[in-house]
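Undergrad: no letters, just coordinates:
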């Protein structure tokens, strides 16, 4: 699984002009599921992101987690995070999971976060969505449930 995690002061996702998920202070997580991902990957990544210390403490250091600041998480499915642009000009999405598996692991991810007492909002799976956010910092992190499995290869090797 791949996740683009952004610390936000607010974020929302709309489908067909209607807001379907929104948060104030918290994390916007764009989540991509790979064909070889497992439930263990979803659980591990959800727990990691939910406890990332990316919010500032009294001394201005990133030392607080989402739970520490009472923040929320907006999780949006985004298979394009698995796009491979190494060849040609059109991305290949061959590494992305089929929709059935992707939906299942996306839902596991959301469930694990919610079980930690964090408010979770979501987009709508397999729909065209518009995502708006105010990136706070800016703070943006890229995480992968298995860095060696999904790490880009050196195209010059």
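TA: Everything's here; your move. Treat the numbers as computed from the prediction; the structure is a model and nothing was measured. Residues are numbered from 1 along each chain as shown.

Undergrad: I'd like to know how many residues surround residue 89.
TA: 5 (other Cβ atoms under 10 Å). Quick note: C-beta positions are derived from backbone N, CA and C, even for glycine.

Undergrad: for it, give me the pLDDT.
TA: For residue 89, the model assigns a pLDDT of 94.

Undergrad: quickly note the distance from it to residue 83.
TA: 12 Å (Cβ to Cβ, to the nearest Å).

Undergrad: same question, residue 36
TA: Counting by Cβ to Cβ - residue 36 and residue 83 are separated by 16 Å.

Undergrad: likewise for residue 39?
TA: Applying Cβ to Cβ to residue 39 and residue 83 gives a distance of 24 Å.

Undergrad: of these two, who's got more company?
TA: Higher neighbour count among residue 39 and residue 83: residue 83, with 16 against 13, using other Cβ under 10 Å.

Undergrad: with adjacent residues omitted, what lies nearest to that one?
TA: residue 91 (3.6 Å; Cβ to Cβ, 6 or more residues apart in numbering).

Undergrad: that neighbour touches residue 79, doesn't it?
TA: No - judged on Cβ atoms under 8 Å, residue 91 makes no contact with residue 79 at a distance of 10.5 Å.

Undergrad: overlap in contacts, these two.
TA: With contacts taken as Cβ atoms under 8 Å, 6 or more residues apart in numbering, residue 91 and residue 79 have no neighbour in common.

Undergrad: who has more neighbours out of these two?
TA: More crowded of residue 91 and residue 79, by other Cβ under 10 Å: residue 79, with 18 against 13.

Undergrad: can you list the low-confidence ranges for the chain?
TA: Within the chain, the segments meeting pLDDT under 70 span 147-157.

Undergrad: hmm, try it at 90
TA: Counting by pLDDT under 90, the ranges of the chain that qualify are 145-157.

Undergrad: helices along that one, start to end?
TA: For the chain, the helices defined by DSSP state H occupy 39-50, 66-69, 99-115, 147-150.

Undergrad: what's the offset of the first one from the middle of its chain?
TA: Centroid displacement of helix 39-50 relative to its chain, using Cα atoms, centre = their mean, to the nearest Å, is 11 Å.

Undergrad: may I see the buried residues of it?
TA: 41-46, 49-50 (16 or more other Cβ atoms under 10 Å).

Undergrad: appreciated, that's everything.
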